[in-house]
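S.K.: below are the sequence and a predicted model; questions follow.
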Amino acid sequence: MAIKLIAVDLDGTLLTSSNTILPETARTLQVASSQGIKVVLASGRPLSGVMPFASQLNLSGKDQYAVVFNGAVLQNLAGGILMNQEMDYQDFNTMLRLQRLARVNVHFETTECFWTCDHDLSVQMQINAALTDNMLKVRHREEIPKDFKFNKVGF
């Protein structure tokens, strides 16, 4: 049976501890792609955090894909959403209750940006937003719309 698809996780698998792809690994995946094997990047990151590595592997466009937000979203590399599992406002409130119990910062990730109600931002939250090239919207709880939906929670 011929290989048709290679799905590879980014952090801790494809990427080194210095957040880079080894040249030999990049060449191997590029050869596989040139032979018609789909190379799909998978990550807990949003698409914006995957795209620099997709570009490094010469992967782009509507016929190339990424599994992002730990599997909650499947997107093509042009940004189109093929599958999107979302949590809702009730889940948002549940996460805020858990946050209060744990006394930690929390942020909510969508395909557009990150949201938080924490006005005292943690360094890690800021780093995550910067590393994935995402805007971080800081709002009071009452400013979050009742139809709010999100794909991932980070504590």
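M.R.: Nice, I can see it.
S.K.: which residue ranges make up the domains of the chain?
M.R.: Per automatic domain parsing, the domain ranges recorded for the chain read 5-84, 89-154.
S.K.: quick one: those domains as TSV, columns for mean neighbour count and mean pLDDT too.
M.R.: For the C-beta atoms, the positions are set from N, CA and C on the backbone; glycine is no exception. Shown next, in TSV, are the domains of the chain (neighbours: other C-beta atoms under 10 Å; pLDDT from 0 to 100):
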stretch	mean neighbour count	mean pLDDT
domain 5-84	16	96
domain 89-154	15	94
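S.K.: and residue 99, that one's in a helix?
M.R.: Yes - with DSSP: H, G, I helix; E, B strand; the rest coil as the criterion, residue 99 is located in a helix.
S.K.: correct me if wrong: it contacts residue 106.
M.R.: Yes - checked against C-beta atoms under 8 Å, the pair residue 99 and residue 106 is within contact range at 4.3 Å.
S.K.: what do these two both touch?
M.R.: Residues touching both residue 99 and residue 106 (C-beta atoms under 8 Å, 6 or more residues apart in numbering): residue 155.
S.K.: measure the nearest residue to residue 3 once chain neighbours are set aside to residue 151 for me?
M.R.: Closest residue to residue 3 apart from its sequence neighbours, by C-beta to C-beta, 6 or more residues apart in numbering: residue 37 at 5.5 Å. From residue 37 across to residue 151, the span is 28 Å (C-beta to C-beta, to the nearest Å).
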